[in-house]
Structures are given as C-alpha cells and as structure tokens.
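K.L.:
any chance you could fold what I've pasted below:
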Amino acid sequence: MRVITADLLVAAVTELSKGTKLVRAREVFAWCDRHQVDCQGEGARHQALWAADLEEARGQRRLLKFKSGDSKQSRVGWALLAHEAKAREAAARLNWREQLWKGAAWEWLGGCAPTPERRPKMAEEPWPSRP
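P.N.:
Predicted coordinates:
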C-alpha cells in the first residue's frame, strides 16, 4: 500500500473537487481507502496525511487549506487554487478560515482562528402531568 504524498493529496482533491470545491478531510480519507493509499502512516493519527499537507504547503502550493478552529476536533478541508473563490465562499458559509504556511508555522488568514458556534440547546419537553 502506498503512503500518501503531496502529489497524491493533490490528486485526491482534484478528483473530489469535481463535485464540491471545498474538499473535506473525511472525503480524502474515503478516497485513500478506495485507492489503497495509506493516510495513517507511523505515529499519530493520520500522520501521513498531515505530513503530505505540510509537504504541499512548503513546496508547490497547489492547494488552499481551511479549518474550522484550533482544536484537535476541528474540521479540515482543501481546495485547488483554481477554485479559490468558490472554496472561500463555501468555507465562509461553514465559518471555516483559511490557513497559510509561513515557513515555521500555520497562520490564520485574518489573524485568528474561527470561534466555533455553539449548538442551540434542545428545548426540554415538560414531563407529562399525572392525573
């Protein structure tokens, strides 16, 4: 099984972006499964995918990267540079922000991470009264 590289990540985003311009990480995971590409690698969870993402950001920069926040549970997605306007619109609807690699660390476009929206509490139904 091949381990994902920057070129394979770009290939996945290219194929998947025919349907949507902002490709989510979970869609890339599914693409890797279908094409027998290892996105796990050694070490931390999905380490090979994050290494490929960083390799792409340091190298040819063919992709834009978006995240929903700063936590480990944040959602991640990519888009091709050719689709940047539509991808940014889609990211804005999701309250995601773009990240740029600045040589030493990822920086948020606009200065700070998006603040996740809290889900509204479900209205509790009162207990039925006893007769």
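
K.L.:
for the residue minimising distance to the centre of the chain, name its beta-bridge partners.
P.N.:
Closest to where the C-alpha atoms of the chain average out (C-alpha atoms, centre = their mean) is residue 76, at 1.7 Å. Here residue 76 sits in beta bridges with residue 67, going by DSSP bridges.

K.L.:
test my guess that it contacts residue 24.
P.N.:
Yes: if you go by C-beta atoms under 8 Å, residue 76 and residue 24 touch, sitting 7.3 Å apart. In short, each C-beta sits where N, CA and C put it, glycine included.

K.L.:
which parts of the chain are strands?
P.N.:
2-3, 23-24, 37-38, 63-67, 76-80, 97-101, 106-108 (DSSP state E).

K.L.:
let's have those in a markdown table, adding mean pLDDT and distance to residue 12.
P.N.:
Output for those, formatted as a markdown table (pLDDT from 0 to 100; distance: least, C-beta to C-beta, whole Å):
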| stretch | mean pLDDT | distance to residue 12 |
| --- | --- | --- |
| strand 2-3 | 92 | 12 |
| strand 23-24 | 96 | 7 |
| strand 37-38 | 94 | 8 |
| strand 63-67 | 94 | 10 |
| strand 76-80 | 95 | 9 |
| strand 97-101 | 91 | 18 |
| strand 106-108 | 85 | 20 |
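
K.L.:
including distance to residue 11, could those strands go into CSV?
P.N.:
Listed next are these as CSV, based on distance: least, C-beta to C-beta, whole Å:
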stretch, distance to residue 11
strand 2-3, 11
strand 23-24, 11
strand 37-38, 9
strand 63-67, 11
strand 76-80, 11
strand 97-101, 20
strand 106-108, 22
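
K.L.:
what about those, which gets the closest to residue 89?
P.N.:
Among the strands of the chain, strand 76-80 comes nearest to residue 89, with 10.4 Å by C-beta to C-beta.

K.L.:
okay, the angle between that closest one and strand 63-67?
P.N.:
150 degrees (axes from the mean of the first three to the mean of the last three C-alpha atoms, to 10 degrees).
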